[in-house]
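# Need a 3D model of the sequence below.
(one chain, ligands or ions: 1)
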Amino acid sequence: MKRFELSKKELKEKVIYREKKLMGEFAHSESTFYYWLKRLREWNMVREVNSIVSLTKLGEWVSNASGDEFVHRFEFVEEFICNSCSSEGTVVIFKPIIESLHISKENSLNVKAKCPVCKKEEKIYIKNWKLDDFKNLYNNSIDNLKKFVNIKTQKI
Ligand SMILES: [Zn+2]
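Below is the predicted model of the structure:
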């Protein structure tokens, strides 16, 4: 299992160095780094204590995958987790309303989903999931994620 813990300064330098190497003049700026760090904290994928950034169990789950699986897991966290109800120890997952599942004109998968705790309903747009695979990807994500964190939801 990957271990990850760095000071915020070290992490920023590493990310910016890598970006410049890969993307040259198109590398993202420092403010983009801070934006993403904030989003990753909001999604409970990383924690920051005294300027030390480390992966949470949820972050480990995402970072332990590669290729398509990494993209699917990242989008799962981005779209299906209720940020209002989740904490680092317990992840609350929106349950899709399967009757609402469809492909939009923009070719992304759309589905309505409901939080099992606060009952909030959201419209979810997810780019890299195929319609035929939806149930499997969702259920497999839950089965797999259960090994890393406590979760609240039901399979579909
Ligand atoms: Zn909720």
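# so residue 94 touches residue 124, yeah?
Yes: judged on Cβ atoms under 8 Å, residue 94 makes contact with residue 124 at a distance of 6.9 Å. Yep, even glycine has a C-beta here, placed from its N, CA and C like the rest.
# list the residues that contact both of these two?
Counting by Cβ atoms under 8 Å, 6 or more residues apart in numbering, the shared contacts of residue 94 and residue 124 are 79-80, 113.
# Which member of those is positioned nearest residue 149?
residue 80 (13.3 Å; Cβ to Cβ).
# For the closest one, give me the pLDDT.
In this prediction, residue 80 carries a pLDDT score of 95.
# That one: how many residues sit nearby?
24 (other Cβ atoms under 10 Å).
# try the one 10 residues further on
The number of residues packed near residue 90 is 13, by other Cβ under 10 Å.
# pLDDT at it, what is it?
93.
# partners of it in the sheet?
Beta bridges link residue 90 to residue 150, judged by DSSP bridges.
# Residues of this structure that sit close to the ion?
82, 84-85, 115, 117-118 (Cβ under 5 Å from the ion).
# ok, residue 51 - contacts?
Counting by Cβ under 8 Å, 6+ apart, residue 51 touches 7-9.
# go with 7 Å
Contacts for residue 51 (Cβ atoms under 7 Å, 6 or more residues apart in numbering) come out as 7-8.
# What sits closest to residue 59 if chain neighbours are left out?
residue 45 (3.8 Å; Cβ to Cβ, 6 or more residues apart in numbering).
# To clarify, my last question referred to residue 125.
In space, residue 125 is closest to residue 108, 5.0 Å off (Cβ to Cβ, 6+ apart).
# Backbone dihedrals for that neighbour, please?
Per-residue torsions, residue 108: phi -110, psi 160 (degrees, to the nearest 10).
# Which residue is the nearest non-sequential neighbour of the residue nearest in space to the middle of the chain?
By Cα atoms, centre = their mean, the chain has its centre lying nearest to residue 77, at 2.7 Å. Among residues not flanking residue 77 along the chain, residue 43 sits closest, at 5.4 Å (Cβ to Cβ, 6+ apart).
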